Every structure is written in C-alpha cells, then in structure tokens.
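[1] predicted model, plus sequence, below.
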Amino acid sequence: MLEVRLISALEKILPEAPGLKAPEFLSDVAARGEVYSFQIALRSDEWRKMLRIELSSGLNVRARVVKYVPVLYAGSGADRDVLRDNQPGLYPDLLDEPEFTDQFRLVRNVWQCLWITVNVGKDQKPGRYPITAVLRDMATNEVAACPKFELQVMDFELEPQELINFHWFHADCLSDYYKVPAWSEKHWQIVENYARNAFAHGINVLYTPLWTPPLDTAVGHSRPNCQLLDITLDMKDMTYTFNFDRLRRYIEMGKKIGFERFAMSHIFTQWGAAATPRITAHVVNASQSCARERYGEDSDFSKTVSDQYHGIFGWGIASTSQEYSDFLHQLFPALLPVLREYGLGAGNCFFSLSDEPHAEHIETYSKLVALTAPLLEEFETVEALSSLDFYKNGLVKHPVPSISVIETFKGVVSPLWGYYCCGPEANYPNRFIGMPSRRTRSMGFLAYIYDLAGFLHWGFNFYYSQYSWRSIDPFSVTDAGGAFPAGDAFLVYPGKTGDPLDSIRHEVFFAGLQDLRACRTLEKKIGREAVLALLNEGAPRPLKMNDFPANDAFLLEKRRSVYAAIAAN
C-alpha cells in the first residue's frame, strides 16, 4: 500500500514516525515572481518501491527528494521546541535531485518526502493553478497516486528585498572539498556556481577574500591559502606591490550574478584582534639578516626566507605591530581606488576588523580603529559583537548583535542589524537541523517587527571542523565535528558536479525573506503600525525574538492574512 499526503513546507517528517500527524495542505497563495514550496509525503509497505514523478501545471514546477542526514549534536538540550528532543539520529534536510531525472526509491515503511518548488514568473497571469503530481509505479507503469495542489497566484509582486543579508562565503572550503587549486579555472566555476545559488536565495552581500579569512581558525593554525590579492614584497626597502587582477575578476563575477554589495575579509584575527591574518607574498631581495630584523630571530620566516611565495603575516605577528601598520598604509591607497572603480563605497562595501570582540578587547580594538579608520576613508565597518560599548564609543559603524541581546541595542543603534550562530536556542529563531522549520522561517516576520536593516551569519558553506583543523564531509558530519548544533556551519551541500545542493533550511529561510518583503509591500499600502497590529493579532503577547507561537498554523495564517490585506488594499 502507498500512503500519500500533501503537507506544507514547514513540516519535517522523521523517518521513524509511525503515523503522519501533519495536517493535509491542499492549497495556498503566492505573489507574482515568488518562489513557493510545498511537500508530498509518501510511505510504502513494499520493498524497494521505485516511483516516477510527472508534474503538470501552468507554472514552472520542480521536484526534489528530501534526504535524511545524520545528526550527532542536535542541540544543547536547553530548548524544548525541537524535533526528537535533540537526540542524535537521521533528520530531513538535504534536497537532492531524483535518480534518472524523475525517479526515486521508497524504503519500506519509512516516510519520505518530495519537495516541490514553484517558480512563479513575474509576468504570470493571476489565477488559480492546479499542480498535479502523477506518481507512476516503475514496476507496472501504472499510476500509483495522483495528488493535486492548487496555488493561487495573486495580482501583485512583492517589494524588492531591502534587508542586507550577509552570509560568509568560504571560497577556500570549495577549493579544499573539490580538490582543485585555488583560483584555477575549475575553482572559479565552482565559486560562481555557489555564489549564484546564494544570490538566488536572497544573500546579497558577497564575502571577498582579499586574503584567506582569519575566521574560526585555531591559534597558530591556518586555513588553505585562498587569497585574491597577488602581493610582492621587496625586502630591500620593505615596499609592497599589489596585483588586483583576481580581485577585479571576483567583483566582476559577483556583479554579473547580481551582487551590488561586497564585504572584504577581516583585517585582524577573530575574537579580539590579537594577531594578523595569514597573508602571502612573493618575496624578493630577501636576506636572512633583514628577515631576522623584521620578524625576529626565531621566526619560521627568518629561518626559511628565500625568493618565493611565502607567508608574511599570521599568528606570529601582533595586530599592533609596526610591520602590519606599514603594510596597511601601502595597501589601502592602492585598494580603495580599485573598489571605487566598481561603484563600491559607503553603504555597499564593508570592512570588518575582528569578529566577536568582547568588552575586554576594547582597548586593543580602539587602537586598531585609530589605525584603520583614516585608511578606510568613506568605507564602513560591520562587526558581529555583543557589547554596546563598541558602538557608544564610535568604534564601529554597524554593530551586529546576537539576537539574544538585540533588545539592548534596539532603540539605541540605527540602523539595527542582528545575527545568530551556535545559539541562541530556547525559543529564538535559528536554523539548526533539529529545529522545526517554523523556527527558521519566523526570522522573516521578526526581521520586520524589529525593522532590521541587516542580518549576518557565519556559515553559508563552512566544510571544516571547528577551528578549521580538518576538512569534513558535510553529508556525514553536519555539526563541524561535534562543535556546533547540526546545520549551523552550512546551508548548502556540495554537489558532485561543482553545483551546490540546497537544504530545507536554505529554502525555508528564503521563504522567510519573502515574508519580510510581503510585510514591506503591505506597509506601503496601510502603514507600518497597521502591519505590526496585523502580525500581533491573535498572539498571546507582542511578538519578540524569543516569544513567537510554537505552531506552524500561526505562521502560515499570518502569511495568508498579509497577502489578503495586500490584495484588498
């Protein structure tokens, strides 16, 4: 027997579920130009049942198979609104292509899902569109089931995305995972594939590795070299020459995809800015004596210096060193004109000094701001941090607090940004695999309620263990080696051909961005206060980051209410 049910995109069906409690979901609404998703859940009592899916509709429709992935570390246990009580196991997350284009296999007595994506054209004629999924038994060629869904296309488009959505893009992970040299032609193509996917999902800031990012890297350790800048150091007079060809190509690639905003790799190391990032250069006119004078008697550089491509900065060089100050004073007068050639400047090109500096780092951070601020000129800084003192002291233009402390920044910082990573849990929105999808999607409405100008996350495609000690296989290790709740480190899986494979979380977060755009669309018609009133209607308390109703129906009904109000006004 084959069981089939249409369910919403917010449902996550666990493989051991004895019965499907998810309510049937037969219809919904979408705007012109929207990307809409729903699911078909299936279970068969036959061994190795193969089905073919044939989709028919007046809309652009695509089917993918929801795959289960292993989760060892699901969460800390402090959160109750989770799947399977944060226990290890198989969880639905990966969206993979059906075998042989349109065929997929069911495992006996295990619930599995098809993820149906509808790309509604901007010029799509409004109306009701049936979407029929003919499921044909491959053994008999007979129709096994024929579920039908109806999508009503509304006669409006959503406002363009205003939210600055910034997820760190790890180009070095792509070189490492696919075993291709950094910035080889194959690497360039893979980077473009991933960047294109990010942009299509509402990520509109492209992280740019002037040098290999000094992020989540153990002290004394370094990530594989993935530096865009080609630098030559003449040690005779300690002058630097910069070749920006790769940087130009990277920006041109991003512009071609549609990116209008770029963010440069961090200028100092993470968690306090104690040291310099690993930067490599061609070293010419070198001698042991000048190397010892510059780097110290016992440095590895002094012992191995020669006319070669070599690490000239890194953990062994303090952030406040005169050597690095000299480097930055030569770099920025050459770099900024190149960025300006591409129309980059204040508001669309960001620099960061050190991710997550804490209050005890403010003295060092202040010195580094005094060094870099004159060099950056009109370019602005964005920094993930949780101490308001950095902003009050004028040390950072755009502080990005964790949503766990955002109430402290609300009403003080304008424009307001926010981020989450590793946590928080306990009812806050996040994107862990072990969380219900509503926890991920609710960020869209909450971004509207908090009037966020920007959102930041560290892990679009981080395929290393914590501190970048080793590469991992994201299909088998979803928690960065047990360091972070599964799903924190990446949104996409690496496809065999160099194209990323999406996750449920990637699609659901993007759906939340569309919810945010819908609220902006309605605001233009009835005003912000009326939209806030509509969102809070029926909630036991005003909606907050850690106080959002823990049921799918509330979120789905709010979305329908927003769309109905847009249509009525």
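    Nice, I can see it. Residues are numbered from 1 along each chain as shown.
[2] residues in contact with the helix or strand that contains Cys173?
    Taking DSSP states H and E as the criterion, Cys173 maps to helix 171-178. Applying C-beta atoms under 8 Å, 6 or more residues apart in numbering, the contact partners of helix 171-178 are 181-182, 186-187, 190-191, 194, 209, 212-213, 223-226, 461-464, 471, 494, 498. From N, CA and C alone the C-beta is placed, and that goes for glycine too.
[3] how about it: buried residues?
    Ala171, Asp172, Cys173, Leu174, Ser175, Asp176, Tyr177 (16 or more other C-beta atoms under 10 Å).
[4] which residues in the stretch 201-350 of the chain form strands?
    For the stretch 201-350 of the chain, strands defined by DSSP state E, counting those that start in this stretch occupy the ranges 205-208, 230-234, 239-243, 261-264, 279-284, 309-313, 349-351.
[5] save these as JSON lines, and put in mean neighbour count and distance to Thr521 too.
    Below are those laid out as JSON lines (neighbours: other C-beta atoms under 10 Å; distance: least, C-beta to C-beta, whole Å):
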{"stretch": "strand 205-208", "mean neighbour count": "24", "distance to Thr521": "23"}
{"stretch": "strand 230-234", "mean neighbour count": "18", "distance to Thr521": "45"}
{"stretch": "strand 239-243", "mean neighbour count": "15", "distance to Thr521": "45"}
{"stretch": "strand 261-264", "mean neighbour count": "20", "distance to Thr521": "22"}
{"stretch": "strand 279-284", "mean neighbour count": "20", "distance to Thr521": "45"}
{"stretch": "strand 309-313", "mean neighbour count": "19", "distance to Thr521": "48"}
{"stretch": "strand 349-351", "mean neighbour count": "23", "distance to Thr521": "27"}
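[6] weakest of those strands in terms of mean pLDDT?
    For those, mean pLDDT drops lowest on strand 309-313, to a mean of 85.
[7] what about this protein, any weak spots by pLDDT?
    The model of the chain has pLDDT under 70 over residues 287-309.
[8] quick one, domains of it?
    2-158, 164-229+237-278+318-514 (automatic domain parsing).
[9] as CSV, the ones you listed with distance to Asp552 would be great.
    Output for the domains of the chain, formatted as CSV (distance: least, C-beta to C-beta, whole Å):
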stretch, distance to Asp552
domain 2-158, 4
domain 164-229+237-278+318-514, 5
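[10] out of those domains, flag the one nearest Lys525.
    Taking C-beta to C-beta, domain 2-158 is the member of the domains of the chain nearest to Lys525, at 9.7 Å.
[11] endpoints of the closest one, how far apart?
    End-to-end distance for domain 2-158: 39 Å, by C-alpha to C-alpha, to the nearest Å.
[12] before we move on, what about stretch 237-255?
    One end of stretch 237-255 sits 37 Å from the other (C-alpha to C-alpha).
[13] got the buried residues for it?
    For stretch 237-255, burial by neighbour count (16+ other C-beta under 10 Å) applies to Tyr240, Phe242, Phe244, Arg246, Leu247, Tyr250, Ile251, Met253, Gly254.
[14] turn those residues into TSV, columns for distance to Pro277.
    As requested, these are arranged in TSV below (distance: C-beta to C-beta, whole Å):
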residue	distance to Pro277
Tyr240	15
Phe242	16
Phe244	18
Arg246	17
Leu247	16
Tyr250	17
Ile251	20
Met253	22
Gly254	21
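[15] show me the helices in the stretch 101-250 of the chain, by range?
    With DSSP state H, counting those that start in this stretch, the ranges of helices along the stretch 101-250 of the chain come out as 171-178, 185-200, 245-257.
[16] do the same with the stretch 351-500 of the chain
    Using DSSP H, counting those that start in this stretch, helices in the stretch 351-500 of the chain cover 362-376, 389-392, 406-409, 437-441, 443-449.
[17] next, format those helices as a markdown table and append mean neighbour count and distance to Trp417.
    Listed next are these as a markdown table, based on neighbours: other C-beta under 10 Å; distance: least, C-beta to C-beta, whole Å:
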| stretch | mean neighbour count | distance to Trp417 |
| --- | --- | --- |
| helix 362-376 | 17 | 18 |
| helix 389-392 | 16 | 11 |
| helix 406-409 | 18 | 9 |
| helix 437-441 | 25 | 18 |
| helix 443-449 | 24 | 10 |
